[in-house]
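Engineer: Sequence first, then the predicted structure:
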There are 2 protein chains.
Amino acid sequence: MKKFFSAILLLSVVTSVKAQDSVTIRKFFDEALVNGQSYENLRYLCKKIGPRLSGSANAQKSVEWSKKLMDSYGFDKVYLQEVMVPHWVRGAKEQGFIIDGKTRIPVPIAALGMSVATPKDGVTATIVEVKSLKELETLGESVVKGKIVFFNGPFDQRYIETGEGYGAAGVQRFAGPSAAAKLGAVGAIVRSITPALDDYPHTGGTVYEEGGRKIPAAAISTLAANKLSNMLRLRKLPQIKFFFKQNCELLPDVRSYNVIGEITGTEKPNKIITVGGHLDSWDLAEGAHDDGTGVMQSVEVLRIFKAVGYKPKNTVRAVFFMNEENGHKGGLKYAEVAAQNKEDHLVALETDEGGFTPRGFSFQGVTAAKLKDINNNFKSLLEPYEADRLVSGGGGTDIGPLKETIPSIVLMGFRPDSQRYFDIHHTPNDVFENVNKRELELGAASIAAMVYLIDQHGL
Amino acid sequence: MKKFFSAILLLSVVTSVKAQDSVTIRKFFDEALVNGQSYENLRYLCKKIGPRLSGSANAQKSVEWSKKLMDSYGFDKVYLQEVMVPHWVRGAKEQGFIIDGKTRIPVPIAALGMSVATPKDGVTATIVEVKSLKELETLGESVVKGKIVFFNGPFDQRYIETGEGYGAAGVQRFAGPSAAAKLGAVGAIVRSITPALDDYPHTGGTVYEEGGRKIPAAAISTLAANKLSNMLRLRKLPQIKFFFKQNCELLPDVRSYNVIGEITGTEKPNKIITVGGHLDSWDLAEGAHDDGTGVMQSVEVLRIFKAVGYKPKNTVRAVFFMNEENGHKGGLKYAEVAAQNKEDHLVALETDEGGFTPRGFSFQGVTAAKLKDINNNFKSLLEPYEADRLVSGGGGTDIGPLKETIPSIVLMGFRPDSQRYFDIHHTPNDVFENVNKRELELGAASIAAMVYLIDQHGL
């Protein structure tokens, strides 16, 4: 009988806790949708500052403005965390041509981030088209040497979440140029990693193998890639050649900063929940969805807490990471300092998949049983906001290193709808105008709700 | 023991049915994403035909082209269903001014659909601003007579689904002008029904009470509405007046058509599943999301079935309804004919909430127990496609009349993400460029999956 009453008691406590959670979460959404500041903050970052690649003057401006913004919100602590970052610059705009006998057909290209320049007069060579790294390996040095390798593996449209398609095709960009260099190629042209057919070259970082040869590497638009591939099929080598010229350069490292603001926990000030995105962006546009939306959502979470009078039990920290795009130095530094200070991190949550309509959250490395618990505890509270897909999956690039230094930490990713992200990702089209105000705000409120639930109930 | 084995048997049958369903649904998505034709069909409808308000030459063109399209797909039946529709025309572009003493400030307005014109020289009057129909009633004839009523009730941002905000604020547009006329107003200006702050007047139909006075009514952009409201607050009447002039006209009814294509059921050819959207659009833009995407998804469902070799047991019909925007005559005619022919309709599913990323489906008037069953049976099969929110809610304007003539029918609505719809809805911005290819295709495949599940298992 006692057990029975205990069960009833427990049930009613659980029910009333859920009711309280529900009321609090509704307040976060009302605040975000009615008084939200993320959209106007993003407008400033995009329109008044603009592109902010690591090491640039704009990156420094964005650091200073972000700190001021956090100061203005009266958080308990606001500070900069010093980190040395690479300083890669694109230089004068790239030129690319398909050469068909005596005809030169201009095509849109953009140097991949961290690529070396071509020689001053550019590179001209015949082309080896491959659809994968494996195909490149099969061809071997005898075919590849002296050529420009054209990585033309398409984006697989069958993935429902575009992030999976990006990962699958993206390996050509991350690792292709270095693999081609090893086989004696003189340059690499990589099909833009996007489901869209458009005229934008989508830039993005490439990684040269430590100590290996470095060859110039550029992204080519998907429409131009299709054209080049068709010409190669119809006309055959060696009539078709490719020319490109790029002027990028890796300058000495620059002192920069992660920007950090926090609300100190009322009960467990030494336990930390981190929510963050990255402040740096590629140089071609405003870094609106990548990742202006993420940093503006992160700071909005803390602002919302203050605005509705929610005082977290644990310390909640908004982190604007520097240098996600071409080095990850901000994330590495944050993890290093956390380890040095023996910080007790409960959770780190990253928002770096665009400011689109919320779908849910991913949890990295939790067991199936744990994920089931999380769903049982939280799903119904997020369901009214359609942000209740709580799934297994990666956290994010910036928070990844924390797992090395603090193995007990749970890493999480905010998961907005993925359909539009890679259409604009790393292109001149990643501008403020392509962010929807309500989608951005719903994302901020969803993250606030999730941080609140973890703060209240743990994971 | 026998019971035990039966249970095991049943379980394994259910499991294998689900496995088969899962394989078939995956085929629909692959077909839509890899070989989809909805996007290029939509491009044609938007770019080669364009705006197609009922009764216009473009509406007729769209009917002819749609029939040809369905013919080209080789459906079992393709036919036109005659219906007389209203023929309202906007005439020369409207003019609107806030008059502040001797200053005239131009503001963006657009006549509401079915509105009468102003007198030839326009209407000038002082303004009564109200935030709701109730407030208008409270003011009464003594205040309202001879004035222009300015309906300025805002869109409530707190709704998570924007359709709810649209419904709540929209009553001002649907019923406001007629209510103002009854109190002696000389005109009505209605704040655009949108969560966005922009310079577009969002048009849309208004409805005059049968036999009542008719006054000219126009939508005003939300930014202009805010400006006008601020001026009224600061400057007071009667210094501030409003002038507008519009040239719209209701011409005699025109013969038009619903366009219908069907695949005849292999087992129950007399049982019908209808999937449809509306072919007509407002005159200000291309009717891309409203509702080009819906009709192109509807025909794509049948095309997908044929492409993957799925032969439905029941007859599946794609219906392009005419005249949803200003009369609903197509929907009324379809229901009337269905009743005359004693058609046995299982389900009608409408897609008229934009071609955005799928979220799920709504079911009109099903019991809570039934909805639970539907979730138990179908949710897990739609979950991989993130189209698994199966909720109670309306079907749509075009299919609504079927419930009157065939009470046993279940009405359903396709529910895409709602955040962006009312930003562009009924504005010059509702163009092809604002439709995302994958979002459109995922919607078509989701609807195909749902129609398949109903065809296989009933509801």
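Structural biologist: Cool, the structure landed.
Engineer: Can you list the low-confidence ranges for the stretch 201-350 of chain A?
Structural biologist: A:236-238 (pLDDT under 70).
Engineer: Can you report how many residues neighbour the residue of it found nearest chain B?
Structural biologist: For the stretch 201-350 of chain A, the residue closest to chain B is A:T222, as judged by C-beta to the nearest C-beta, at 12.4 Å. (Each C-beta comes from the backbone N, C-alpha and C, glycine too.) Neighbour count for A:T222, taken as other C-beta atoms under 10 Å in any protein chain shown: 24.
Engineer: Please tell me how far it sits from A:P195.
Structural biologist: According to C-beta to C-beta, to the nearest Å, A:T222 stands 9 Å off from A:P195.
Engineer: Overlap in contacts, the two.
Structural biologist: Taking C-beta atoms under 8 Å, 6 or more residues apart in numbering or on different chains as the contact rule, A:T222 and A:P195 both touch A:F155.
Engineer: Would you point out which residue of the stretch 251-400 of chain A is nearest chain B?
Structural biologist: Closest point on the stretch 251-400 of chain A to chain B, by C-beta to the nearest C-beta, is A:T357, at 5.0 Å.
Engineer: Can you report phi and psi for that residue?
Structural biologist: With angles defined as degrees, to the nearest 10, A:T357 sits at phi -60, psi 130.
Engineer: Tell me the confidence at it?
Structural biologist: A:T357 is assigned a predicted lDDT (pLDDT) of 98.
Engineer: for the closest residue to chain B within the stretch 1-150 of chain A, what are its contacts?
Structural biologist: Going by C-beta to the nearest C-beta, chain B is nearest to A:L33 of the stretch 1-150 of chain A, at 4.3 Å. Each residue near A:L33 by C-beta under 8 Å, 6+ apart is listed here: A:438, A:441-442, A:445, B:157-158.
Engineer: Could you check how far it is from B:H328?
Structural biologist: 32 Å.
Engineer: The longest strand along chain A pairs with which strands, and in what direction?
Structural biologist: Ordering each strand of chain A by length in residues (DSSP state E) puts strand A:249-263 first. Neighbouring strands of strand A:249-263 in its sheet, by DSSP bridges, are strand A:77-89 (antiparallel), strand A:314-321 (antiparallel).
Engineer: Checking A:I374 next. Helix, strand or coil?
Structural biologist: helix (DSSP: H, G, I helix; E, B strand; the rest coil).
Engineer: what's near enough to touch it?
Structural biologist: So A:I374 contacts A:363, A:366, A:390, A:459 (C-beta under 8 Å, 6+ apart).
Engineer: quick one, phi psi at the third one?
Structural biologist: What it means is A:L390. phi -110, psi 100.
Engineer: ok, now which ones touch it?
Structural biologist: Here A:L390 is in contact with A:360-361, A:363, A:371, A:374-375, A:378-379, A:382 (C-beta under 8 Å, 6+ apart).
Engineer: What strand or helix carries A:G167?
Structural biologist: In this structure, A:G167 sits in helix A:162-182 according to DSSP states H and E.
Engineer: For stretch A:63-76, the averaged confidence score.
Structural biologist: On average, stretch A:63-76 scores 98.
Engineer: list the buried ones in it?
Structural biologist: Buried residues in stretch A:63-76, counted by 16 or more other C-beta atoms under 10 Å in any protein chain shown: A:63, A:65-67, A:69-70, A:73, A:75.
Engineer: With distance to chain B and secondary structure added, can I get those in TSV?
Structural biologist: What follows is the buried residues of stretch A:63-76, written out as TSV (distance: C-beta to the nearest C-beta, whole Å; DSSP: H, G, I helix; E, B strand; the rest coil):
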residue	distance to chain B	secondary structure
A:V63	30	helix
A:W65	24	helix
A:S66	25	helix
A:K67	29	helix
A:L69	22	helix
A:M70	25	helix
A:Y73	22	coil
A:F75	26	coil
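Engineer: Out of the residues you listed, which is nearest to A:P401?
Structural biologist: Nearest to A:P401 out of the buried residues of stretch A:63-76 is A:V63 (C-beta to C-beta; 20.1 Å).
Engineer: Excluding residues flanking it in the chain, which one is nearest that closest one?
Structural biologist: A:Y257 (4.9 Å; C-beta to C-beta, 6 or more residues apart in numbering or on different chains).
Engineer: Okay, and which of the contacts of A:L33 map to helices?
Structural biologist: Counted as lying in helices by DSSP state H, out of these, are A:438, A:441-442, A:445.
Engineer: Show me which of the residues you listed are buried.
Structural biologist: In the ones in helices among the contacts of A:L33, the ones that pass as buried (16+ other C-beta under 10 Å) are A:438, A:441-442, A:445.
Engineer: out of the residues you listed, who's near chain B?
Structural biologist: Residues of these in contact with chain B (C-beta under 8 Å from any C-beta of the partner chain): A:438, A:442.
Engineer: Relative to chain B, which of the buried ones among the ones in helices among the contacts of A:L33 is nearest.
Structural biologist: A:R438 (4.9 Å).
Engineer: Give me the pLDDT value at that closest one.
Structural biologist: On pLDDT, A:R438 comes in at 98.
Engineer: name the element A:S298 belongs to?
Structural biologist: Per DSSP H and E: helix A:293-308 holds A:S298.
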